[in-house]
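*Asks:* what follows is a protein structure lacking sequence information:
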């Protein structure tokens with residue numbers, strides 16, 4: 001008899017629990033959905049370090065994704081960015097196999113996506129590889145659509161040809177395997193020209209200098225900027241260029257090679273234009289004997305570059321190239 005009573009009591013308790021669960025089934029289902037969404041968030045937080053370091057708008061956290069719908073949207077963005085990383089990894093292999101133009105075209109497609117901007121690491125990884133590719137192209141006789149063939153005429157000089165085609169003598173020599181110590185050219189000789197539409201954009205907060213050809217990024221360089229925000233912002237043009245520059249601080253004349261000359265191997269002088277104050281004179285882009293300072297606030301206001309980088313930029317740009325500092 002006692003056993004039957006226990007069975008009956010257990011049955012009543014079971015039915016009571018089932019009834020309660022049935023009554024509150026909707027609330028429980030909502031709890032399950034929220035649990036799932038948190039699991040999705042945790043799963044997305046196990047991405048690679050590069051993905052975790054993307055801009056705040058692309059990183060999924062419990063704080064930034066309070067709803068399932070928002071989680072889905074950001075998950076799609078993260079998925080796309082992951083695909084860009086995979087594509088960029090493949091590009092490196094394509095480039096090593098000699099398919100240079102194919103590699104470059106894929107990078108341009110990555111950079112064209114609105115999710116990829118200077119706030120993301122995939123942007124800077126892409127432009128770094130792009131710069132290697134473009135340097136290899138421009139300093140060789142590799143044919144690309146941007147290059148054009150030019151037949152030397154009687155009376156032509158490398159200086160004259162470079163001015164007419166918005167390029168430099170150094171680029172003409174290197175791109176055509178000419179002897180840099182011999183500027184002689186002959187009528188009927190065929191040259192490959194790269195008539196670029198250069199402009200420079202400098203990001204102070206990223207310590208980066210971007211070289212553009214028209215609307216397309218050509219290459220990115222690491223830089224140092226002025227201490228205590230001394231590097232001005234505004235619009236400038238390349239006013240002068242000097243190899244092995246002399247440094248002329250107020251009242252002094254310090255020759256190239258002197259330990260006190262901080263300008264490195266090249267000087268690219270800037271002149272303010274448009275609505276930028278005309279008093280911002282004396283600034284420029286130059287090399288440095290302290291490469292460890294790149295990526296920091298280290299100069300008196302000018303833009304510092306590694307010597308090998310400023311040498312290359314010097315060969316690219318001619319006078320009057322626009323420069324914007326942000």
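*Replies:* Nice, I can see it. The structure presented is a predicted model; accordingly, all values stated were derived computationally and were not measured.

*Asks:* now the helix ranked longest in the chain: average pLDDT?
*Replies:* With secondary structure taken from DSSP state H, the chain has its longest helix at helix 68-96. Across helix 68-96, pLDDT averages out at 78.

*Asks:* and if you look at stretch 176-186?
*Replies:* Stretch 176-186 comes out at a mean pLDDT of 90.

*Asks:* what lies in contact with it?
*Replies:* Defining contact as C-beta atoms under 8 Å, 6 or more residues apart in numbering, one finds that stretch 176-186 is touched by 141, 152, 156-159, 169-170, 172-174, 191-192. (Each C-beta comes from the backbone N, C-alpha and C, glycine too.)

*Asks:* any quick ChimeraX command for the buried ones out of the residues you listed?
*Replies:* Restricted to buried positions by 16 or more other C-beta atoms under 10 Å, the ChimeraX selection for these reads:
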select :152,156,158,169,170,172,173,174,191,192
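
*Asks:* mind listing which of the contacts of stretch 176-186 are in helices?
*Replies:* 158, 159, 169, 170, 172, 173, 174.

*Asks:* mind listing what the fifth one touches?
*Replies:* Taking C-beta under 8 Å, 6+ apart as the definition of contact, the neighbours of residue 172 are 158, 161, 162, 178, 191, 193.

*Asks:* point out where the chain drops to low pLDDT.
*Replies:* 1-74 (pLDDT under 70).

*Asks:* mind listing what's buried in the lengthiest strand in the chain?
*Replies:* Longest strand of the chain, by residue count under DSSP state E: strand 234-243. For strand 234-243, burial by neighbour count (16+ other C-beta under 10 Å) applies to 234, 236, 237, 238, 239, 241.

*Asks:* just these now: which is nearest residue 281?
*Replies:* residue 239 (9.0 Å; C-beta to C-beta).

*Asks:* now that closest one: closest residue in space that isn't a chain neighbour?
*Replies:* Ranked by C-beta to C-beta, 6 or more residues apart in numbering and with sequence neighbours excluded, the top spatial neighbour of residue 239 is residue 271, at 3.8 Å.

*Asks:* tell me the strands beside the helix or strand residue 149 falls within, with direction?
*Replies:* Element membership for residue 149, per DSSP states H and E: strand 148-151. Its sheet considered, strand 148-151 pairs with strand 190-193 (antiparallel) by DSSP bridges.

*Asks:* perfect, that will be all.
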